[in-house]
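J.: sequence and predicted structure, then a few things I'm wondering about:
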Amino acid sequence: MKRILTIAASDSGGGAGIQADIKTITVLGGYALSALTALTAQNTVSVSAIHPVPPQFLQAQLDAVLTDIGTDAAKTGMLHNAETIAVVARAAGKYKIPNLVVDPVMRSKGGSCLLEDAAVEALKRELLPRAVLVTPNLDEAEILCGFPVASLEDMKKAAKTIHLLGPKNVLIKGGHLAGDCIDLLFDGQEYTTFAGPRFDTKNTHGTGCTLSAAIATGLGQQLTLADAIGRAKDYVATAIRFALPFGSGHGPTNHLAWLDRNAQFYTCGLELEAAVAALKKARIGRLMPEIQSNLGYGLVAAATPEDVMAYPGRIIRLEDSIMTVSAPRPGGSRHIAKIILTAMRFNPQYRSAMALCYEPALIDCIKSLGFSVGEFNRRDEPANVKEIEGSSLEWGTRRAIEKAGGAVPDIIFDCGDVGKEPVTRVLGTSPADVAAKIIKIAQEYTG
C-alpha cells in the first residue's frame, strides 16, 4: 500500500479539504497521511471562519510524518497564507517529497477567499517549481497567468504561461466552460485533453480537492500521469453522479460511490453467471435467435451502457443449449444495455433483459402462461432513429412500454423489418428473474 500525504485544511462540512482527500486516498487503495494547514468553519453555503494552523505546528506535523513514515506522493490544498506556503515548500525540498501535486485552492464554491492575495506570489515563487503537477481551475488559472481564460485556446496559452513558473506539468480544469468538462494537460511540449460528462447537479462541493487527491494517489501507485488523471476523472465523475444532496447550498460528492459501483459490478457478475448456468442446464438452445443473444444486468441507478454488465461476444447456441465466449463485463453489450436503461427509466426495478427468437407460436405460448406482453413495429420507426446505431432498441422499448401505460411488460417483441431479424425480449428485475421466466417458457413451448 502506497503512502499518500495530503497537506490541506479541514472542512467541517466534510465535503472538501482534508476530509475529502482522506476519503479519496482510502477508497483508491492508498494509505492517507495528513498535515493540517487550517481549520475552517464551513457548510454547503459558505466559509464563515478560518483559523490558520501556526507555521511551527504545521512544520511539526510534516516532520513527524516524513521522518518516520515517509510518503510516495503528496498533494497540497488550501494553504491560505505565505507563511504556510513557505513551510510546505521547505519540507518538500528537505524531504524530497516525490510526486507533489499542487491544487492552488483560492476560492470556495460559495466565493469565500481561501488564499490571501499576498500569498499568490509565494505560491508561484516557492511551491510551483517543486510540483510535478499543478491543477488550477479557470479562475485560478487566470490569477496565475494574468489574463482571462474562457476557451480551450485560452487554456492552452494559460497552461504554457503557468508552465514557465516551474511545475513539470499543468492541468487546467475546464469544468467552468460550457459543454462537456474538458481538462487540458500541458507537459511543456504537448497538449492532451481529458473529456468528461457534465452532470446537472449543484452538488459538486470538493471536486477540485478530490481530483488532485485522486491524481496524487495514482502517481504514488506508479500509474503514468495520463492514467492517474484518467482514473481520477472517472472517480470524480462517479462521485458527482451519486452526489449527496445535503445542506441548502452546494452539497458534497459521494466519495464512496466508487467502492459501491465496483462492489455492484462484482455481485452483478456473479448473478449473471448463476443465471446463465441455470439456462444452460435447462437447455434453452431452441429459443435462441439467429443473431444470438445476450443477458444484461444494470447497476442500481444505471445511466449509461457502461453501467450495464453483459457478455462480450454474445451468448450463442450450442446444439440444444447455450454457451458464453467470455465473462460478463461492464459495457459488454450496448444493444441489451439500451433495452435495460430504457426500461429502468419507467421502473428502476427492471434491471435485466435477454433476447430470444420470435415465432408467433412462441408469443401465443408466452401469453398462455400469463406473462404481460408488449410489442413495437419497426416499420413505424422514424427515419432519424433508424440512422443511429442502437437507437431502434431504445425507441422500440420505450414505445412498447408507453403502449402498456408505462408498466414494463415481462416480454417485448417485434416482427422485424428489412434486414432486421424479429426478436423476443424477456425483461425482469434480475438475471435470476429473467432466467426463471425463460425456463418456464422453455418447459411449456414445444414449437
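T.: Received it, and whenever you're ready, just let me know what you need.

J.: for the protein, which spans come out with low pLDDT?
T.: 108-112, 385-390, 447 (pLDDT under 70).

J.: so which bits of the longest helix seen in it are buried?
T.: In the chain, taking DSSP state H as the definition, the longest helix is helix 257-282. Neighbour-count burial for helix 257-282 flags 257-258, 260-261, 264-265, 268-269, 271-273, 275-276, 278-280, 282 (criterion: 16 or more other CB atoms under 10 Å). C-beta: built from backbone N, CA, C; applies to glycine.

J.: leaving out sequence neighbours, find the closest residue to Asp180.
T.: Excluding its sequence neighbours, the residue lying closest to Asp180 (CB to CB, 6 or more residues apart in numbering) is Ala195, at 5.2 Å.

J.: could you list the domains of the chain?
T.: Here the domain assignment for the chain is 3-254, 260-444, based on automatic domain parsing.

J.: compute the distance between the residue nearest in space to the middle of the chain and Ile7, please.
T.: Central residue of the chain (CA atoms, centre = their mean): Thr238, 3.0 Å from the mean position. For Thr238, the distance to Ile7 equals 25 Å [CB to CB, to the nearest Å].

J.: also Lys420?
T.: Taking CB to CB, one finds Lys420 at 59 Å from Ile7.

J.: among the two, which residue is more densely surrounded?
T.: Using other CB atoms under 10 Å as the criterion, Lys420 and Ile7 rank with Ile7 on top: 29 against 14.

J.: are we agreed that the more buried one is in a helix?
T.: No - per DSSP: H, G, I helix; E, B strand; the rest coil, Ile7 lies outside any helix segment and is strand.

J.: count of residues packed around the spatially closest residue to Val65 that is not a sequence neighbour?
T.: Nearest residue to Val65, sequence neighbours excluded (CB to CB, 6+ apart): Leu33, at 5.1 Å. By other CB under 10 Å, the residues close to Leu33 number 22.

J.: in contact with Leu33, which residues?
T.: Leu33 is in contact with Arg3, Ile4, Leu5, Thr6, Val65, Ile69, Thr71, counting by CB atoms under 8 Å, 6 or more residues apart in numbering.

J.: same list (the residues you listed) but as JSON lines, adding secondary structure and neighbour count.
T.: Formatted as JSON lines, those follow (DSSP: H, G, I helix; E, B strand; the rest coil; neighbours: other CB atoms under 10 Å):
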{"residue": "Arg3", "secondary structure": "strand", "neighbour count": "18"}
{"residue": "Ile4", "secondary structure": "strand", "neighbour count": "32"}
{"residue": "Leu5", "secondary structure": "strand", "neighbour count": "32"}
{"residue": "Thr6", "secondary structure": "strand", "neighbour count": "32"}
{"residue": "Val65", "secondary structure": "helix", "neighbour count": "20"}
{"residue": "Ile69", "secondary structure": "coil", "neighbour count": "11"}
{"residue": "Thr71", "secondary structure": "coil", "neighbour count": "22"}
